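Undergrad: I'll drop the sequence and a predicted model, then ask my questions.
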Amino acid sequence: MLRDKMDLRVRLMVLPFTEFNFYKKHKMSIGPEHLWMDPLEGYAKSGDPIGREHKEIEHKLYSTFYQSLNATNAIHNLDEIKLLVQKYFGFEKVKSLSKQGQQMSRFYLDHLKQLSKFFLTHRNGKISLKYWESEKENAFLGPYSGVNKVVMWNSMERLFTTDLLVLLYLIENKMEQDFYLRGYHGGVNLSDTQLDQILQRGVAENHMHLNAGGTFYLTWRKLMSNSGGSEPLHDQLIVKGYDSLLPYIQAMRVVRILLAKFLNGRPDDNQDKLFDYYAKHHKTIHQTSTIITEYLQQIVEGTQFPMEKSVELNNLFEQLKSQFSLSIRTAANSKAEGWRKQLAYSDIIHSLIPDAGEYNTVEVLLLFQCLKYMNSEQGTVDSFFCNVFWQYIRIKNETYQLYVQSNYVRGLENFMGYSRRKLSAGPQDWGLVLHQQFSNEHLKKLEIRIKPKDKDKNKSPLKVMAQDFKKILELYKELLSDYEGSAEQNLPELGIVIHFLKREDDIEKCWLGYRPDLKSRETGIYDSRMLQTAEPTSLYFEERQKEYKRQMDNLHLLREDIPGLADYIVGIDAAGPELETEPWVFSTVFKEARDSRTHKLLYEKQKSKSIRNLGFTYHVGEDFRHLLSGLRRVHEVVEHFQFHAGDRIGHGIALGVDPERWIQRNAVIIMPRIEYMENLLWIWGLHKNGIGASLSFDATYLEQQILKIAEQIYHHIDGITVYSLWKAYQSKFSKFEKVIDFTVTTTADEKRNKLFCPYVETNNTWNVDKLIYAQHCKCYLHYMLEPIQIAVKPEDAPFFTQVQMLVRSYISREGIIVETNPTSNTSIGEIDDLFQHYINTLNKRGFTESIEAESGLMVTINSDDPLIFNTNISNEYAYIFYSLLEKKYARNDILEWMERIREMGMQASFVPIKNMNVGERQKELEAIIAELNKVT
């Protein structure tokens with residue numbers, strides 16, 4: 001199944017609900033009139049399909065679709081776009097359903113109802129995906145019908161809020177009472193009955209970042225409830241004719257209040273339409289000159305709101321809050337009513353929505369009301385309401401696409417944009433995130449990853465770390481109250497994994513200034529004028545490494561000082577842009593963390609209680625310029641970080657991608673020169689040490705290539721050998737030590753030393769020590785990091801496969817577990833689509849007779865970032881389940897394999913199994929929190 005083709009169809013099908021090009025209006029000529037309309041409305045109103053007027057508008061429609069699609073999708077044939085528009089938005093269909101454009105909402109609703117009919121069903125009290133082929137579906141979805149809808153749904157869920165489809169499904173199936181919304185929590189259920197029985201035994205979420213662990217609603221609720229313009233919306237939508245999305249979000253705050261007030265503020269016998277209601281009952285927004293109907297008309301007409309409009313829009317929002325007595329209720333006065341109510345009370349319009357927090361989120365309840373009204377006899381003819389609603393949906397989905405990552409651009413650099421955009425999760429949001437996770441009936445163990453905060457002007461890093469731990473454990477203790485009286489096995493277990501943040505470093509370094517004992521800038525190092533102002537940290541990535549060590553020291557101190565805390569602070573990780581930070585940067589902190597001399601056996605305050613060791617995991621092999629780079633980094637982490645059986649690597653996509661397919665997509669690679677050379681040195685080292693004895697390659701040619709690259713870095717290579725370069729590369733994984741004291745001069749003289757350092761008196765010959773020092777010299781770092789272009793040839797595929805098998809076998813024999821994240825991996829990594837996910841490549845047990853180590857890796861399934869990828873742990877299992885069905889394996893074999901992977905995830909979790917009931921657990925947490933209070 002071609003991912004690009006599928007994504008193109010999905011995006012085109014939902015484009016009128018997701019794009020600014022349909023929010024803003026276009027000037028079109030209909031007879032003697034010149035009207036401002038969206039392209040589909042103009043299309044429906046155009047006359048004779050063979051007339052000039054119709055052709056001009058039809059061309060405008062095709063251009064609008066093409067302009068929007070071309071910004072994100074690979075378009076190879078304009079005719080394909082034209083035919084797809086005709087298929088899904090055919091003129092006669094649009095014209096008929098919309099009554100020649102007078103009631104466009106009728107067409108929009110019908111279009112979404114079709115999608116809901118083909119994709120959704122209900123099973124065992126849950127809204128579920130219809131993974132089988134239904135009647136007439138093939139004509140609409142073509143080859144993407146049947147089980148292939150699973151992949152299509154995954155793509156659709158990351159383009160727009162599929163709440164609309166769920167709600168229309170309920171309406172179409174005569175389930176219009178609000179209580180039916182209880183069957184829709186946390187997304188559409190994907191697992192079928194047999195898979196669900198396996199998942200009911202319990203799953204472990206071993207890879208989830210807390211700050212991206214919620215749902216889009218948590219973000220939208222915050223955007224809709226807070227005034228001000230400080231939200232981190234970095235994207236400027238100039239390419240769509242708008243300066244920024246922020247003013248439109250601010251405008252939708254007002255729209256949302258007005259829609260909710262209209263639907264819930266009218267007496268039962270009031271039949272006013274939206275325009276008439278506000279014209280009669282709430283003509284203006286208090287203390288402003290804004291006439292509500294005129295404001296809503298601007299929304300309908302797609303009036304442009306520049307950034308300068310933000311102050312005025314915020315003022316309208318604040319005045320409406322006062323006018324309708326709207327406020328957010330804080331945790332202090334809603335805590336006793338439970339987390340569902342607390343979530344509702346944090347939404348600014350909760351008081352306008354009956355039963356807020358009772359059956360679903362405030363937003364879902366509002367959308368349900370809107371759709372029921374639009375589907376009613378009265379609402380069908382309230383075109384003004386319908387037009388306002390669809391404008392609201394378009395802005396919401398534009399925002400959605402800023403926070404939820406689609407398939408279109410791969411790589412962590414793209415992902416980091418989404419990661420930066422997520423609204424910071426405060427303590428209250430952490431509780432809501434945990435509540436949403438624990439609402440999953442399958443979840444039995446949850447590891448959450450948090451980044452240690454080092455900076456707080458009022459508190460030391462140790463106190464800040466302790467404060468974060470205390471907040472999380474307090475929230476966990478509070479959430480456990482929901483489980484009082486339940487069986488022990490239903491109690492969800494929680495563990496915290498600290499992840500150090502990968503960040504690049506600048507190259508303005510000089511190893512001559514390195515003095516580990518240097519305490520201040522004022523302390524001189526040498527008499528040289530150049531070195532008198534040297535910073536205390538003069539090594540490449542030294543400042544970063546000091547930060548990580550400081551964080552690790554604080555973590556050790558807290559875990560070993562407070563009895564029981566080590567049972568909840570369970571592991572360490574490093575995450576962030578993989579291309580910016582090589583593994584060697586973290587090697588010393590991981591090795592010291594596992595060194596027996598750095599941590600204790602028992603608690604001094606409770607001598608009978610043992611201290612659990614930290615589990616190790618590391619994001620690696622997820623994003624790579626060259627396949628060898630990804631494989632090298634995976635091997636480096638396991639070899640140099642003191643990884644033991646039971647430790648894990650995050651993602652490891654490089655282990656499972658098909659080398660031939662990867663080469664087809666990456667015929668030419670651009671990468672830093674040093675990265676390429678270290679790939680070659682790594683291969684050379686594997687062969688030298690006998691690990692890679694089975695690899696088939698020309699060793700002489702490899703050495704020639706290494707020396708060729710070395711000459712481009714060092715220019716003069718007198719004394720350089722492949723072995724000395726390999727030794728220098730290996731030294732990166734150990735702490736830097738200045739072992740030679742050179743005679744340093746006050747002035748540079750290249751004649752004195754043409755190949756090493758013009759400030760140093762030494763012979764003109766390289767050795768291992770000088771190569772090590774050069775790794776921290778801006779002169780050589782410049783050449784090391786300079787981008788070069790490398791050709792990758794089809795004949796390289798067998799060798800890449802050999803190297804991949806070698807690393808996989810090594811990982812398998814060492815007992816290292818690979819944490820896969822199907823949706824995340826498909827969005828970021830080198831994977832065609834979900835059905836081509838590599839997990840089955842890593843573990844083929846039960847599907848093949850092979851007993852080779854490289855086909856029997858231990859793997860787990862996780863969700864990574866539920867907010868950014870709009871997913872959850874249960875659905876991630878389901879995606880893999882359907883991918884195996886698509887491969888035509890026997891269902892019995894698939895179910896047995898899924899059970900093994902589920903059990904593997906439970907066993908691989910760093911979270912210990914504690915045979916405690918709720919009361920015992922809460923008592924333990926109280927004691928730990930009391931100790932943390934003493935620190936904070």
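TA: Yes, it's here.

Undergrad: Could I get the contacting residues of residue 339?
TA: Taking Cβ atoms under 8 Å, 6 or more residues apart in numbering as the criterion, residue 339 is in contact with 431, 432, 435, 479, 482. From N, CA and C alone the C-beta is placed, and that goes for glycine too.

Undergrad: In the stretch 51-200 of the chain, where is pLDDT below threshold?
TA: Low-confidence regions of the stretch 51-200 of the chain, defined by pLDDT under 70, span residues 186.

Undergrad: what are the ranges of the strands in it?
TA: Secondary structure of the stretch 51-200 of the chain by DSSP state E, counting those that start in this stretch: the strands cover 120-123, 126-129.

Undergrad: do the stretch 551-700 of the chain as well
TA: Residue ranges of the strands in the stretch 551-700 of the chain, as given by DSSP E, counting those that start in this stretch, are 569-575, 615-620, 648-651, 668-672.

Undergrad: How about the stretch 351-500 of the chain?
TA: Taking DSSP E, counting those that start in this stretch to define them, one finds strands in the stretch 351-500 of the chain at 443-450, 493-501.

Undergrad: burial of the nearest residue to residue 8 once chain neighbours are set aside, as a residue count?
TA: When the adjacent residues along the chain are set aside, residue 8 lies closest to residue 73, with 4.8 Å between them (Cβ to Cβ, 6 or more residues apart in numbering). Residue 73 has 20 neighbouring residues, counting by other Cβ atoms under 10 Å.

Undergrad: likewise residue 463?
TA: Residue 463 has 15 neighbours, counted by other Cβ under 10 Å.

Undergrad: what's the answer for residue 844, then?
TA: Applying other Cβ under 10 Å, we find 17 other residues in the vicinity of residue 844.

Undergrad: Residue 876 versus that one, what's the distance?
TA: Distance of residue 844 to residue 876, given as Cβ to Cβ, to the nearest Å: 20 Å.

Undergrad: what would the strands of the stretch 351-500 of the chain look like in TSV with mean pLDDT and distance to residue 556?
TA: Written out in TSV, the entries for these read as follows (pLDDT from 0 to 100; distance: least, Cβ to Cβ, whole Å):
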stretch	mean pLDDT	distance to residue 556
strand 443-450	96	17
strand 493-501	96	11
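
Undergrad: Quick one, which of the ones you listed gets closest to residue 266.
TA: Closest approach to residue 266 among the strands of the stretch 351-500 of the chain is made by strand 443-450 (41.9 Å; Cβ to Cβ).

Undergrad: So what are the sheet partners of that closest one and their directions?
TA: Partners of strand 443-450 in the sheet, by DSSP bridges, are strand 203-209 (parallel), strand 493-501 (parallel).

Undergrad: Which element, helix or strand, includes residue 271?
TA: Secondary-structure element containing residue 271, defined by DSSP states H and E: none, the residue being outside all helices and strands.

Undergrad: Likewise for the one 5 residues further on?
TA: Using DSSP H and E, residue 276 maps to helix 274-280.

Undergrad: and if you look at residue 783?
TA: With DSSP H and E as the test, residue 783 turns up in helix 778-784.

Undergrad: what sits up against the helix or strand following that helix?
TA: Beyond helix 778-784 in the direction of the C-terminus, DSSP H and E gives the next helix or strand as strand 787-791. By Cβ under 8 Å, 6+ apart, the list of residues contacting strand 787-791 from outside reads 626, 667, 668, 669, 670, 671, 672, 673, 676, 712.

Undergrad: count of neighbours near the nearest residue to residue 442 once chain neighbours are set aside?
TA: Closest residue in space to residue 442, ignoring its immediate chain neighbours: residue 199 at 4.3 Å, by Cβ to Cβ, 6+ apart. With neighbours defined by other Cβ under 10 Å, the count for residue 199 comes to 21.
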